[in-house]
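Student: how would this look folded up:
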Amino acid sequence: MKTSGSMIGGTLNSADYQVFANYLVKFIQAYDAAGVPISLITAQNEPEYSPSNYPGSTFTSTQEANFIANNLGPAIRAAGLTTGILGYDHNWNDPSFPETILGDSSAAQYVTGTAWHCYAGDPSAQSTVEALYPSYGTYETECSGSQSSPVSDTFADTLDWELENLVVDGIRNYSKSVVTWNMALNPSGGPSMNCTTCTALVTVNNSADTATYNAEYYSLGQVSKFVKPGCGAHRLQHLRLGQRRGRRLPEPRRLRRAGGTELQHLRARTPSGWMRTASTSTTPCPPGPSPRSLDPRFHQHRRRHQLEHVVRGRQQQQRRLRGRHQRQHR
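Tutor: Numbering: from 1, shown residues only. Here you go, the predicted structure:
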């Protein structure tokens, strides 16, 4: 089915587009029959990356648009499924890829939105595409943590980076989801074909019968304590934020119940310290505790990394990229 004649490398033969689309429909139907409905699907994971030693496949933006328009979209619709299609599913550094898909009316009619990964670029790319195609959704769908050097800095580095880039800036730039790569891994970063430095929400040590909650767990915990089921988010249009230490503070987001106008306080760590949104609603979403109360290590690391935050954030993204590249060279 692929130009490489293998699961590894190459791209899908155009003659087999419909075969692959039919397979994905059967995948959705099988999961639904097992009680696991699939709400969203992407045509190809990381279509601009070709792994050398584990399964993968490339797509150009035009190829993916054609596949969605002529094969996957019609197949899902003909099967009577409500599963939506997300285009792209790759890094923040190439907004032109989803722009091509959403700009193709034949493909866009089947597309729910755009899926993004965190390994290159920054979350502002989400707003770039949102500004051009505001009727489509934005979804952050993958971001793997990676061990720092020294390893003892992993918790603080990951917590800082993910809160800023995924939770605060990700949502600020219209993302409807914050998704990490793995829920649980063993102490060696497995099971995995290559990455031995990747981290998950929880590290499970079967030999010692222990589970360790990592920074990813707490970064999602910060926002989940505030964003309750039924709450949505949209930009605060009229709140002006000042400059602190030469950096503009991230704009907060308004938290709102579906069908209502309720707001909720949200506090988050930024390169300049703490920020807090202002709530003016009389009926806010259910309140939660201050992020400082969720884990004592969060507060302990705050002062130590305040001045180093920007540099460490860049280093962390580079480590994430190196972790991904391990899959190619091992």
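Student: ok, the most centrally placed residue in the chain - contacts?
Tutor: Centroid-nearest residue in the chain, with C-alpha atoms, centre = their mean: Glu140, separated by 2.7 Å. Residues near Glu140 by C-beta atoms under 8 Å, 6 or more residues apart in numbering: Ala115, Trp116, His117, Cys118, Pro123, Gln126, Leu166, Gly170, Ser175, Ser177, Val178, Val179. (Glycine included, C-beta is placed from N, CA and C.)
Student: distance of Glu216 from Ser152?
Tutor: 17 Å (C-beta to C-beta, to the nearest Å).
Student: can you check Ser144 too?
Tutor: Here the distance between Ser144 and Ser152 works out to 20 Å (C-beta to C-beta).
Student: okay, the two: which has more neighbours?
Tutor: More crowded of Ser144 and Ser152, by other C-beta atoms under 10 Å: Ser144, with 22 against 10.
Student: could you find the closest non-adjacent residue to the residue nearest to the centre of the chain?
Tutor: Spatial nearest neighbour of Glu140, excluding adjacent residues (C-beta to C-beta, 6 or more residues apart in numbering): Ser175 at 4.6 Å.
Student: try Gly56
Tutor: Nearest one to Gly56, counting by C-beta to C-beta, 6+ apart, is Ser50 at 5.8 Å.
Student: now Pro47
Tutor: Phe59 (3.7 Å).
Student: JSON lines for the contacts of Glu140, including distance to Lys225 and pLDDT?
Tutor: Converted to JSON lines, the contacts of Glu140 look like this (distance: C-beta to C-beta, whole Å; pLDDT from 0 to 100):
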{"residue": "Ala115", "distance to Lys225": "26", "pLDDT": "98"}
{"residue": "Trp116", "distance to Lys225": "24", "pLDDT": "98"}
{"residue": "His117", "distance to Lys225": "26", "pLDDT": "98"}
{"residue": "Cys118", "distance to Lys225": "22", "pLDDT": "96"}
{"residue": "Pro123", "distance to Lys225": "21", "pLDDT": "96"}
{"residue": "Gln126", "distance to Lys225": "24", "pLDDT": "97"}
{"residue": "Leu166", "distance to Lys225": "16", "pLDDT": "93"}
{"residue": "Gly170", "distance to Lys225": "17", "pLDDT": "92"}
{"residue": "Ser175", "distance to Lys225": "18", "pLDDT": "93"}
{"residue": "Ser177", "distance to Lys225": "17", "pLDDT": "91"}
{"residue": "Val178", "distance to Lys225": "13", "pLDDT": "92"}
{"residue": "Val179", "distance to Lys225": "18", "pLDDT": "93"}
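Student: now list the buried members of these.
Tutor: Neighbour-count burial (16 or more other C-beta atoms under 10 Å) is assigned, among those, to Ala115, Trp116, His117, Cys118, Pro123, Gln126, Leu166, Gly170, Ser175, Ser177, Val178, Val179.
Student: OK, contacts around Leu24?
Tutor: Per C-beta under 8 Å, 6+ apart, neighbours of Leu24: Ile41, Leu72, Ala75, Ile76.
Student: most neighbours, which of these?
Tutor: Of these, with other C-beta under 10 Å as the count, Leu72 tops at 25 neighbours.
Student: sec struct for that one, please.
Tutor: Counting by DSSP: H, G, I helix; E, B strand; the rest coil, the backbone at Leu72 sits in helix.
Student: quick one: the strands in the stretch 1-150 of the chain?
Tutor: For the stretch 1-150 of the chain, applying DSSP state E, counting those that start in this stretch gives strands covering 40-42, 84-91, 111-117, 137-142, 145-146.
Student: point out where the stretch 51-200 of the chain drops to low pLDDT.
Tutor: The stretch 51-200 of the chain contains no residues with pLDDT under 70.
Student: next, count neighbours for Lys2.
Tutor: 18.
Student: surely it touches Asn13?
Tutor: Yes: with contact defined as C-beta atoms under 8 Å, Lys2 counts as touching Asn13 (6.3 Å).
Student: those helices in the stretch 51-200 of the chain, which residues are they?
Tutor: 61-67, 73-78, 96-102, 105-108, 124-132, 154-162, 169-172 (DSSP state H, counting those that start in this stretch).
Student: returning to what we had before: where's the residue nearest to the centre of the chain relative to Val25, distance?
Tutor: 26 Å.
Student: before we move on, what about Ala215?
Tutor: Relative to Val25, and taking C-beta to C-beta, Ala215 is found at 38 Å.
Student: got CSV for the contacts of Glu140, with distance to Thr210 too?
Tutor: Shown next, in CSV, are these (distance: C-beta to C-beta, whole Å):
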residue, distance to Thr210
Ala115, 34
Trp116, 34
His117, 30
Cys118, 28
Pro123, 34
Gln126, 37
Leu166, 26
Gly170, 31
Ser175, 33
Ser177, 30
Val178, 26
Val179, 25
